[in-house]
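*Asks:* How does the following fold in three dimensions:
(2 chains)
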Amino acid sequence: MPDSNVKARCNLFAVLRGIEYLVENDSDCKDLVAGVNLAIQFNVSGGPSGNLSFKDGRAEMKSGKHKSNIVLYFSSPEHFNKMIDGKANPIPLKGLHRLGFLSGPFMKLADKLNYYLRPEGELLFNPEYFRINTELTAYTAFFALAEIGNYDPLGMMSGSHIPDGILQIKVDDGIGIYLEVRNGKMNCVKGHHEDPRAILSFSSLESAHKLLNGQLDTFTGLGSGEMCMRGFIPMLDNMNPILDLVPQYLS
Amino acid sequence: MEETITNKLYTNKKSMEIFQRGLKVLPAGIPGHLGPVQSQFIPTSAYPLYATRAKNSYFWDVDGNRYIDYMCAYGPNVLGYNNELVDNAAMEQFKNGNCMPLPGIAQVELAELLCDTITIADWSFFMKNGGDATGFAKMVAHAATGRDKVVMIEGGYHGVTPWTQSLTHAGITPADVENNLIIKWNDAAAFQRVVDENPGQIAAFISTPYDHRVFADNVLPSDGYWQKIRQICDDNGIVLIIDDVRCGFRLDTAGSAEYFGFKPDLACYCKALANGYNISAVVGRDSLKDAAAKVFYTGSYWSSAAPMAAAIACINELKRIDGAKVMIEKGKKLTSGLVEAAKDAGITLKISGIPSMFFMRITNDDSLMMQQEFCAECAKRGVFFVSHHNHFINCSLTDEDIRDTVEIAAEAFRITAQNNIDRLNR
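*Replies:* Alright, predicted model coming up:
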């Protein structure tokens, strides 16, 4: 049973964080935030706080409370999660005159997130859609993994067994995400680290897509060569049970 | 260029073809600890996946490559694969009868032999795998004490039944592990603490004779450790169980507890017991014989006579040649050669554990990536090491095998060093 607070953290720091990626990779999204310079503060009572800012055509999600133009309040993690599912509205506390951004461009960004994370029809046959869907899903899954490893009781148990170091996940000649692990706490970062202690790599974006969508299990992927692991394997061994929890929080 | 043992590189085409078939019909392709993922075959393509035959210290894969083997089927190969003495004893029993409606005489003969061989053994009980043995020992402890909890060592391995696994593993429920109390290795004070915190509730303390976990240097017991554990068990009515499944007969024929100078209440054996025939055993002190009799624990093939005949032949031969001493000496010779070969390449190789089942680790990087490269280069040249687990020596290993191994390892170290100049210069 997913914990609502952990789910709120996943929704805020993994799902909504996807907007960072979209404004970099989708031209419509890029246009939506062109010239926009504002920050939205999300405050969840009994849950996380996060700040999504837009500046110079880029988006950035930060944990905690920061300078903002709009403050949105949620009475509970459940309230925030319902908002993400489109079944509840936030309570605006500041920036009422900027709400047009929320009902306009921000809603369109949210719709785009949904468009890319929930493929319909034959969209996946479009190579550019496939790339964005897979990369966005990967970022979302691993940022959620860090939240689950830090806050879900079972995730924390696995996390506490991950040895310290950098765990790199990457697609050969493609995107990279790494987890910085120290004393069982993990932080997810986009990119490639120069000195990882363990590496899980995918031979292609297609292989990553299959794993993320439950069409490829780790053992088959590693055996067939679609995936490769090396380095200090206990890092991966103890990350995998957390990865198995991700669908419970993002489904 | 002239072909030598160091430059002839193996290929594994047939292995990979069969594995692709296996992936379609078997979970993980090769389930269990022999699979390429569990075995840390990194990369998979460097390693053989299916064997066709084995003899002494060698096995041959489906591509026709011969390997000098230091995994010994993860322990069972103790005298040499297909040892004639053992095989003949098993075959003779097979001809007369193996799986029958009654046990064969071999059951009594093997029990007598174990009681004559293992210091603490007043009785024996037979099953098939190491996990059967540890599970039975735990049940005997519960039956004898009427208590629920068991103290275990963090990182210890006692098989794959649910109580031996971590809650984070697939298929394990909280109820499976709720009576486990986990402490660190070599920490008798921690044992005393959990005993004090759980008065009258702890049935058993179970541990391997020394810490031979995977992925880490193996650690021997500190001075007086086992004596303190024994004393705490005696003071609190706790059954002391030694899981000698992996170490058994490779440290001391009389039991690994004998090697470290203490006496457990129960000891579990498997691997080296019958040189590859499927049998395991629990031996115990007389005080627990009644509890062992009361525990209902059996299986379709547990009384099969041929593996018992094999075990009798295997143990008698190990006693005759002082197998544990032989393997420790061979292990010393091999590991000293490996350390020197590594040093020549500018690599530091650390050996830990008992030489007959040594663990080796390249200490120049903490990621094991150099270690994995080294093992893969060895595999490509016909020496079968793995990067995460202790290795095993068997009695048939020859000086020539050791010489060839060190020669191949030297080349593998040289290549690994060449590929990791930045790491070595850190």
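
*Asks:* from here on, contacts and neighbour counts on C-alpha atoms
*Replies:* Noted.

*Asks:* and the closest residue to A:Tyr116 other than its chain neighbours, what element?
*Replies:* Excluding its sequence neighbours, the residue lying closest to A:Tyr116 (CA to CA, 6 or more residues apart in numbering or on different chains) is A:Asn133, at 5.1 Å. Secondary structure from DSSP states H and E places A:Asn133 in helix A:127-151.

*Asks:* Which positions in the helix or strand immediately after that helix in the chain come out as buried?
*Replies:* Sequence order places helix A:153-160 as the next helix or strand after helix A:127-151, per DSSP H and E. Buried residues in helix A:153-160, counting neighbours by 16 or more other CA atoms under 10 Å in any protein chain shown, are found at A:154-160.

*Asks:* pLDDT for the residues you listed - can I get that in TSV?
*Replies:* TSV is the format used below for these (pLDDT from 0 to 100):
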residue	pLDDT
A:Leu154	93
A:Gly155	96
A:Met156	97
A:Met157	95
A:Ser158	96
A:Gly159	96
A:Ser160	95
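
*Asks:* Please go through these and note which also touch chain B.
*Replies:* Checking the buried residues of helix A:153-160 against chain B by CA under 8 Å from any CA of the partner chain, the ones in range are A:154, A:157-158.

*Asks:* And these, which is closest to B:Asp187?
*Replies:* Using CA to CA, A:Met157 is the member of these that sits closest to B:Asp187, with 22.1 Å.

*Asks:* dump the residue contacts of that closest one.
*Replies:* Counting by CA atoms under 8 Å, 6 or more residues apart in numbering or on different chains, A:Met157 touches A:149, B:168.

*Asks:* For it, give its distance to B:Phe136.
*Replies:* 28 Å (CA to CA, to the nearest Å).

*Asks:* starting at the chain centroid, how far to the helix holding A:Asn133?
*Replies:* Relative to the chain's own centre, helix A:127-151 is displaced by 5 Å; criterion: CA atoms, centre = their mean, to the nearest Å.

*Asks:* Quick one: list the elements packing against it.
*Replies:* helix A:4-10, helix A:18-25, helix A:107-117, helix A:153-160, strand A:176-182, strand A:185-190, helix A:205-212, helix A:233-250 (3 or more CA pairs under 8 Å, 6 or more residues apart in numbering or on different chains; DSSP states H and E).

*Asks:* How about residues contacting that helix?
*Replies:* By CA under 8 Å, 6+ apart, helix A:127-151 touches A:6, A:9-11, A:13-15, A:17-18, A:21, A:25, A:116-117, A:119, A:123-124, A:155-159, A:175, A:177, A:179, A:184-188, A:190, A:205, A:208-209, A:212, A:242-243, A:245-246, A:249-250.

*Asks:* Now, of those residues, which are buried?
*Replies:* Buried by 16+ other CA under 10 Å: A:6, A:9-11, A:13-15, A:17-18, A:21, A:116-117, A:124, A:155-159, A:177, A:179, A:184-188, A:190, A:205, A:208-209, A:212, A:242-243, A:245-246, A:249, out of the contacts of helix A:127-151.

*Asks:* nearest residue to the residue in the stretch 51-200 of chain A that chain B sits nearest to other than its sequence neighbours?
*Replies:* The minimum distance from the stretch 51-200 of chain A to chain B, using CA to the nearest CA, falls at A:Arg197 (4.7 Å). Excluding the flanking residues, the one nearest A:Arg197 by CA to CA, 6+ apart is B:Ser367, at 4.7 Å.

*Asks:* now swap in B:Met152 and tell me
*Replies:* B:Ile182 (5.0 Å).

*Asks:* any idea of the mean pLDDT for the host helix or strand of the one you found?
*Replies:* Using DSSP H and E, B:Ile182 sits in strand B:180-183. Here strand B:180-183 scores 98 as its mean pLDDT.
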